Structure formats: structure tokens, C-alpha cells
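Peer 1: one predicted model, sequence on top.
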Amino acid sequence: MKIERIEWDGSDARALAGRLRSLAPPQEEVAQAVAEIVGSVRDRGDEALREVAEKLGEEAPESWRVDPDAIAAAPGLLDPDVREALRLAAKNIAAVARAELEVHQRPATVDLPEGQRVEVRSDPVAAAGVYAPGGRAAYPSTVLMCCIPARVAGVGRVAVASPGGARGRPSAQVLAACSVAGVDEVYALGGAQAIAALAYGTETIDRVDLIAGPGNRYVAEAKRLVSGHVGIDGIAGPSELMVVADGTAVPQWIALDLCAQAEHSDEGFLAVASPNTALLDHLEDLVGQLADERPSVQQAPLALIATTGIEASLALADAIAPEHLQLMFEGVDELAARGRVAGCVFLGRGGAAAFGDYTAGSNHVLPTGGAARFGGPLGPGSFQRRTSIVSISRAAAQALTPYVGAIARVEGFPVHAESAAARTGE
């Protein structure tokens, strides 16, 4: 792991946050290549998909869509402990999603003094696309994290795209997760080209209304490019973990937490902020040792930051707005987590991000790159669209029309005033 030590005096947290984020590879490096892929798929559909596969040295399957019978059979191919783990994770994810849905589905109706009524309601999108990363490993957990909230939200059609393996289709683990989540529309397709196909459609893939799911820089850039044509859940890039700790934290546990997140890629963001320099010294030695002994851990950048105190460490965490934030200091409680700027906050010695990645029930599709400043976890609300329903009686029209006219005249739109006034007569 690429470790950098930083001494911070507590001043200008935003500047230090920017410096730390610059340790990860910039998104702009892949922008041109992604734009070319997205443009070619938008314009030429399946032909472009096959062309991209050829350029990447991949064999295009006879059909991009995986046979639904293979999806249904996939759980039976897994070891029983894996199958049961997927079912437990699905149960917990669904329980949290249903609780969230109660908040999102409750329509708000307001009767206003002039006599009009305004209702704001939420309804599911008609079709959602889910991207499940592949490549070095299979990610059945991502399938569950995305598909189950979509199903709980009431989305009628859910289509999953995930890179095909050696047999030209996603792994049995990914297909089993699709089966557990009740999804039978799966495409053996990955990368920026998969995002483009879901967004614009091809001869064999129907377009969707919204795309959700994490991915590498190419996937994240493709989602950014197609946003506006379709909805997206956010730009979920490489994994991030920040730890705020004091001398009471267990160094071995923190080192394992950091190495766990470094399993995702070498492009992530890892940081520990602590006023305890002995802890940071221990971590510097321990992380390198543990990473060397574990081949799955990649060379992600890690910043070890000596701060002036826990409050300064928390202020820095808020400025960084990390995807995962672990609070591991004496006296930490739910109050310390409230108001924190992060995608998901884990409390205390037992709060490892690994639980959130799999079975805690919280969603692991979280804002990265500082987007936690304005975004949050994927949930049923991510798959819903909001609609305002306005009812205006004649009395309300008569009461509101003078005000409509006044504002319309200021803005230079006199026909707006005429339109409103027309409703005041017989």
C-alpha cells in the first residue's frame, strides 16, 4: 500500500481534504476514451458492442442476454453457506429498504388558503438498469444492494448488466444473487459500453429509465455522460474508507479494515486521522505487513494524518466527506455520528465497513469522491420519481391570478397572465 504521513495543525480542513483526494487517480484521465465508447454504442448499438469487445480482446457472446433458466438454476450451484449468506443479506437489505419506503411513499398534500390543493407523490420508475462490476472478482452483494431496493420500490422491470466470464456469462454467484433478488433479465456486458447500452438501448437491449450501481472510473464517467438522458443514482467510484480513532482503538482491526477496502482496487481512498501518533506509527508498520501477506490487497493510497485532537479529526472527515467513515474512539455514540458528512458511518470497535458491504442491511452503494456532501446511500427512493398534482378551483384561480399577472409582467411573459386570467371567468 502507498502510505503517506501527514502532520496537520488543524487549520484549513478543506485544503487538506483536497490534497488528500488528489492522491487518487483523476477521473478526467478516462473521459475521452469513455466518450468515444458511449457515443459509438449510442449511434451503432449491438455492432458497436461487438467492436468494443473485440478491441478489448474479449469474445462477444452469441446473445448478450443470459438465459433466464441459467439464472434460476444458479443458486443450486453455490455452496450452501454462500447461498444462505446471500439469502440473509437479501432479507436484511429488504427490511431496511421497506422501512425507507414508508418515508418515501407517503404523499404530502397541502390545502392552501387561496383554495388550491397541491399533492406531491412518489412513484417507481418503469425500468431500472443495475450495473454489477466484474473483472477481478464477482460481486453478488452489489446485485442484492441494487436490485432489492428497486423491487421494494415497485420497479416493474429490472435489468442487470455484468461482465461475462470465461464462459461468456456472469459468474454463478452473480446469477444466483439475481435469482435471490427476483431478477431474470441479465446481460453479459461490462464497462462503459454496458452503461451506454442500458441508457440508449440497442437492437437486443431495451433502454431503461434509471441506472444504478458502482464501478471503476470508466463506469463512473459513462454514468456521468448519460445522466440527463436517463437518471442515475450517483457517481459511485472506487471504494473509500476514513477512520477517526484514538489510542483506545485496536490497531490490528483498523489495519484489517484498511486492507479490506484496498481489496476493491488500487484507485480508492484510504485515510486514518488520529491525535495519537503511536497508533499511526503502529498502523504504518502493520498495514504494510498485512498487505504483503494478503495477495488480494492492492496498492491503494493511504494517508495517516496526525491531528490536534478528535474534534479536529472529525472536522477533517466532514471536509473529506468519505464513502465509509469509521468512528473508533473512547466515548463514541450515536450523537457523534449525527450530522457527520459521509455515505455511511460505523460506530465503535465493532463497526467495520465490511459488515455494511455485505450483511448489516445498510446499502453499500454509497457516494464517493466527496459526493456525500449532497448525496446518500442507494435506497428505494433512488428508484422513484416525484410528481406534483395541482388542483385549482375557480375561487383559487380568482385569488391567485393577480399575483400570477404581477410576476409574469416582471418576467416579460404576458401570455402567462392571460392564461391564468382565462380561468377566472365562466
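Peer 2: That came through, no problem. Just so you know, these numbers come straight off a predicted model, no measurement behind them.

Peer 1: switch to C-alpha atoms for all contacts and neighbour counts from now on
Peer 2: Fine.

Peer 1: buried residues, stretch 202-209. List them.
Peer 2: For stretch 202-209, the neighbour count (16 or more other C-alpha atoms under 10 Å) marks 202, 205, 207-209 as buried.

Peer 1: stretch 165-173 now?
Peer 2: Residues of stretch 165-173 classed as buried: 165, 168-173 (neighbour count, 16+ other C-alpha under 10 Å).

Peer 1: dump it to CSV, restricted to CA.
Peer 2: Presented in CSV, the C-alpha positions along stretch 165-173 are these (Å, rounded to 0.1, in the frame of the first residue of the first chain):
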residue,chain,number,x,y,z
GLY,A,165,-16.5,-14.5,-17.5
ALA,A,166,-14.7,-17.3,-19.3
ARG,A,167,-18.0,-19.0,-20.3
GLY,A,168,-19.3,-15.8,-21.8
ARG,A,169,-21.8,-15.0,-18.9
PRO,A,170,-21.5,-13.6,-15.4
SER,A,171,-20.4,-15.9,-12.6
ALA,A,172,-22.8,-18.3,-10.9
GLN,A,173,-22.6,-16.1,-7.8
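
Peer 1: and the contacts of it?
Peer 2: If you take C-alpha atoms under 8 Å, 6 or more residues apart in numbering as the criterion, stretch 165-173 is touched by 59-61, 66, 74-75, 77-78, 134-135, 138-140, 162-164, 187-188.

Peer 1: over to stretch 210-230?
Peer 2: If you take C-alpha under 8 Å, 6+ apart as the criterion, stretch 210-230 is touched by 27, 30-31, 34-35, 38, 125, 127-133, 142, 146, 191-192, 195-196, 198-199, 208-209, 231-238, 365, 383.

Peer 1: tell me the mean pLDDT for that stretch?
Peer 2: Average pLDDT, stretch 210-230: 92.

Peer 1: also stretch 8-19?
Peer 2: Averaged over stretch 8-19, pLDDT sits at 93.

Peer 1: ok now it, how far from the chain's centre?
Peer 2: In terms of C-alpha atoms, centre = their mean, to the nearest Å, the centre of stretch 8-19 is set 26 Å apart from its chain centre.

Peer 1: and stretch 143-159, which residues are buried?
Peer 2: Buried residues in stretch 143-159, counting neighbours by 16+ other C-alpha under 10 Å, are found at 143-155, 157-159.

Peer 1: still on that earlier bit, and the buried residues of stretch 165-173, which two are the farthest apart?
Peer 2: The span of the buried residues of stretch 165-173, defined through C-alpha to C-alpha, is set by Gly168 and Gln173 at 14.4 Å.

Peer 1: by mean pLDDT, flag the weakest helix or strand of the protein.
Peer 2: One helix or strand of the chain scores below all others by mean pLDDT, DSSP states H and E: helix 334-337, with a mean of 83.

Peer 1: and that helix, which residues are buried?
Peer 2: Neighbour counts over helix 334-337 (16+ other C-alpha under 10 Å) mark Ala337 as buried.

Peer 1: next structured bit after that helix?
Peer 2: strand 344-347 (DSSP states H and E).

Peer 1: tell me the gap between that following strand and the middle of its chain.
Peer 2: Distance of strand 344-347 from the chain centroid (C-alpha atoms, centre = their mean) equals 16 Å.

Peer 1: all strands for the chain, in order.
Peer 2: Per DSSP state E, the chain carries strands over the ranges 2-7, 108-111, 117-124, 127-131, 157-162, 185-188, 210-212, 231-232, 240-245, 269-274, 301-306, 324-328, 344-347, 384-391.

Peer 1: Thr401 is nearest to which of these?
Peer 2: Minimum separation from Thr401 across those (C-alpha to C-alpha) falls at strand 384-391, 14.6 Å.

Peer 1: what's the angle between that closest one and strand 117-124?
Peer 2: Counting by axes from the mean of the first three to the mean of the last three C-alpha atoms, to 10 degrees, strand 384-391 points 160 degrees away from the direction of strand 117-124.

Peer 1: which helix is the longest one in this structure?
Peer 2: Longest helix in the chain, counting residues (DSSP state H): helix 80-105.

Peer 1: just list what it packs against, helices and strands only.
Peer 2: Here helix 80-105 touches strand 117-124, helix 140-153, helix 172-180, going by 3 or more C-alpha pairs under 8 Å, 6 or more residues apart in numbering; DSSP states H and E.

Peer 1: number of nearby residues for Ala99?
Peer 2: Counted with other C-alpha atoms under 10 Å, the neighbours of Ala99 add up to 12.

Peer 1: cool, and Thr387?
Peer 2: Neighbour tally, Thr387, other C-alpha under 10 Å: 12.

Peer 1: list the contacts for it?
Peer 2: Residues in contact with Thr387 (C-alpha under 8 Å, 6+ apart) are 120-123.
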